[in-house]
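Engineer: Show me how the following folds:
(one chain, ligands or ions: 3)
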Amino acid sequence: MKIFSAAQTRDWDAYSIAQTSIRSIDLMERAAEACTRWLLARYGADTPFHLFCGKGNNGGDGLAIARLLHARGRRVAVSVLENGKDGSFDFEENRRRLAQAGVPLQAVGPGLAWPLLSAETVVVDALFGTGLKGPLQGAAADVVRFLNGHGRAIISIDLPSGLDADASSAGGPVIRAAHTLTFGAPKTGQLLQESGAFVGLLHVLDIGLSPAFAAQTPADYEFVDEALARSRFRPRQPFAHKGTYGHALLLAGGYGKMGAAVMAALACLRGGAGLLTCHSPRCGYPVLQTTVPEAMFLPDDSEEQLTTLPADLDRYTAIGIGPGIGTSTETTGMLKACLESARRPLVLDADALNILARNPGLLPLLPEGSILTPHPKEFDRLFGAHASDFDRVTTARAQAAALQCIILLKGHHTFIATPAGPGYFNSTGNAGMAKGGSGDVLTGLLTALLAQGYAPTDAALLAVWLHGKAGDIAVEKQSYESLLPTDLVAQLGAAFRCLYPVPFP
Ligand SMILES: NC(=O)C1=CN([C@@H]2O[C@H](COP(=O)(O)OP(=O)(O)OC[C@H]3O[C@@H](n4cnc5c(N)ncnc54)[C@H](OP(=O)(O)O)[C@@H]3O)[C@@H](O)[C@H]2O)[C@@H](O)CC1
Ligand SMILES: Nc1ncnc2c1ncn2[C@@H]1O[C@H](COP(=O)(O)OP(=O)(O)O)[C@@H](O)[C@H]1O
Ligand SMILES: [K+]
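Structural biologist: Residues are numbered from 1 along each chain as shown. Ligands and ions are numbered 1, 2, ... in the order given. Prediction:
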């Protein structure tokens, strides 16, 4: 699914109206129906709704939702942020329809009393959407502060009001929604870590916008959804043998950090690698051989840290390096040797990235197509401090092109920068994965997919989707609090099965 800018979204809207002969007001009705269905499915008959509307089309959506909720017997109150001007054409039409339905409007704005919101009221934020121009000030900022300060659940229509779809909103007042119901496709501003406190859970509602427009319009970013993941997935061949799916090597683990190696190893095997060798400090021998009997073990000379490289790296089809290895001088030497001798793409995570950050001269040694998996702190250590996640995304794209590597900037919607083509945001995953070890699972999975011969971009897209999907499946049997990284490993099979063609094989 493509991710469009606010301007492209407006074009999509206009194209759909022109090409399908649906009127603008009817498209707004469709959007309102989709939101109303969502609200009715989520909240019981006793829940009162209070809609706060601007005077653009986002506010028009709000008025239409109020009328539809009222028609279904729900209690609704509607406040309109007055700016002294006429509303948009479709806003005014919906104002007439709402008056006909007998629902009163009240104005909010300078000098007017704030409405009372009972404890059970659900607030629907239809103040501003993709038409936002600049940070909110004055009365608009006041109403956002009033709603944020009130502690009621807020559902934002299309965008949390005040959030820019295409640029950082850092510093400006923005609605803090529990859920955002957006139309057609997600917007970049909804996917970045810095927007997390405003967007809440994001729901993309299909309102029947033209698929032809989406297919033919180039976009800077794409959403890694199930269809995209399936398009990259290659089912296993019936006559396959273990050699068909590669020999993965993991350079992982250290004294007190053998768990990182175990989780990466388990994920690598569940990710489909034909063979796996783990090279770890000697202290890891009993740990790995007991917990992952399918993996072969190559002990380092050192008892507690990685100091040497295994011989003949060329026999491995993919190498993952970093989980639990520490950043000692000896391990730095081992990583340097690895970069100098590896002739296939590597997966670099955790301490391997920290070593690169301390030794930026090593970056040009990265084999083409290597995959770097920093979280935002590791990212800043590697590429310098950034003022916003929009800036991080820009840097990730530039560095991916400069280094001819893939950079996964990990987060709720992990960003995947590739050397050429669009950037990608992942659609799967949840807050249960915010626990040490989740990243090690991703490293193992990435290494497994590279070992099986997936091109680096395909391996990256598939791995982040499968990793998050496994988390989404696992959390249904667990809770966000109790989820363990090993639960992700356990559900990788179920995640893969989502991608199987029907009938299979
Ligand atoms: N695309 C689709 O698929 C569909 C889109 N639909 C909906 O349309 C929405 C977009 O509507 P839109 O273009 O009318 O803009 P919107 O967000 O209501 O904002 C304009 C209003 O905000 C005001 N305003 C702006 N900035 C401001 C500021 N900083 N501070 C203060 N005021 C500010 C501006 O005031 P003005 O500049 O005119 O004085 C004007 O009143 C979209 O998000 C979705 O909900 C659906 O109905 C159907 C399908
Ligand atoms: N709130 C969240 N929503 C979705 N995915 C998450 C969330 N928190 C963490 N993750 C995922 O879990 C992984 C965490 O990796 P990382 O920060 O390196 O942790 P560690 O290596 O300590 O396990 C990343 O893939 C990230 O995308
Ligand atoms: K809104």
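Engineer: which strand residues sit across from residue 108 in the sheet?
Structural biologist: residue 81 (DSSP bridges).
Engineer: Give me the pLDDT for the one residue sitting closest to the centre of the chain.
Structural biologist: In the chain, the centroid-proximal residue (C-alpha atoms, centre = their mean) is residue 413; its distance is 1.3 Å. Per-residue confidence (pLDDT) for residue 413: 97.
Engineer: number of nearby residues for residue 44?
Structural biologist: 8 (other C-beta atoms under 10 Å). Any C-beta I mention is one placed from the backbone N, CA and C, and that applies to glycine too.
Engineer: tell me the pLDDT at it?
Structural biologist: With respect to pLDDT, residue 44 scores 95.
Engineer: Before we go further, it is sitting in a helix, right?
Structural biologist: No: the assignment for residue 44 by DSSP: H, G, I helix; E, B strand; the rest coil gives coil, which leaves it out of any helix.
Engineer: measure residue 503 to residue 96 for me?
Structural biologist: The gap separating residue 503 from residue 96 is 53 Å, by C-beta to C-beta, to the nearest Å.
Engineer: List phi and psi for the residue nearest to residue 15 when sequence neighbours are not counted.
Structural biologist: With C-beta to C-beta, 6 or more residues apart in numbering as the criterion, residue 15 has its nearest non-adjacent residue at 4.4 Å, and that residue is residue 213. Reported as degrees, to the nearest 10, the phi and psi values for residue 213 are phi -60, psi -50.
Engineer: do the same with residue 249
Structural biologist: Here is the backbone geometry of residue 249 (degrees, to the nearest 10): phi -120, psi 130.
Engineer: List the beta-bridge partners for it.
Structural biologist: Counting by DSSP bridges, residue 249 is bridged to residue 277, residue 319.
Engineer: The residue nearest to residue 15 - how many residues pack around it?
Structural biologist: Each residue near residue 213 was counted by other C-beta under 10 Å, and the total is 20.
Engineer: do residue 257 as well
Structural biologist: Applying the criterion other C-beta under 10 Å, we find 22 residues in the vicinity of residue 257.
Engineer: Name the nearest residue to it, ignoring sequence neighbours.
Structural biologist: residue 324 (3.1 Å).
Engineer: how deep is the residue of the stretch 201-350 of the chain found nearest ligand 3 tucked in, by neighbour count?
Structural biologist: Using C-beta to the ion, the single residue of the stretch 201-350 of the chain nearest to ligand 3 is residue 202, 13.0 Å away. For residue 202, the count of nearby residues is 20 (other C-beta under 10 Å).
Engineer: Apart from its chain neighbours, what residue comes closest to the residue in the chain positioned nearest to ligand 2?
Structural biologist: Residue nearest to ligand 2 within the chain: residue 439 (2.3 Å; C-beta to the nearest ligand atom). Distance criterion C-beta to C-beta, 6+ apart; nearest residue to residue 439, sequence neighbours excluded, is residue 349 at 6.1 Å.
Engineer: sorry, back to before: tell me which of residue 503 and residue 96 has more neighbours.
Structural biologist: Set residue 503 next to residue 96 and count neighbours by other C-beta under 10 Å: residue 96 wins out with 10 against 5.
Engineer: and the gap between the more buried one and ligand 1?
Structural biologist: As judged by C-beta to the nearest ligand atom, to the nearest Å, residue 96 and ligand 1 stand 16 Å apart.
Engineer: Also residue 126?
Structural biologist: Residue 126 sits 7 Å away from ligand 1, going by C-beta to the nearest ligand atom.
Engineer: Could you check how many residues crowd around that residue?
Structural biologist: Residue 126 has 31 neighbouring residues, counting by other C-beta under 10 Å.
Engineer: In contact with the closest residue to it other than its chain neighbours: list those residues for me.
Structural biologist: Leaving aside its chain neighbours, residue 126 sits nearest to residue 62 (2.5 Å; criterion: C-beta to C-beta, 6+ apart). By C-beta atoms under 8 Å, 6 or more residues apart in numbering, residue 62 lies in contact with 51, 52, 53, 54, 78, 124, 126, 127, 157.
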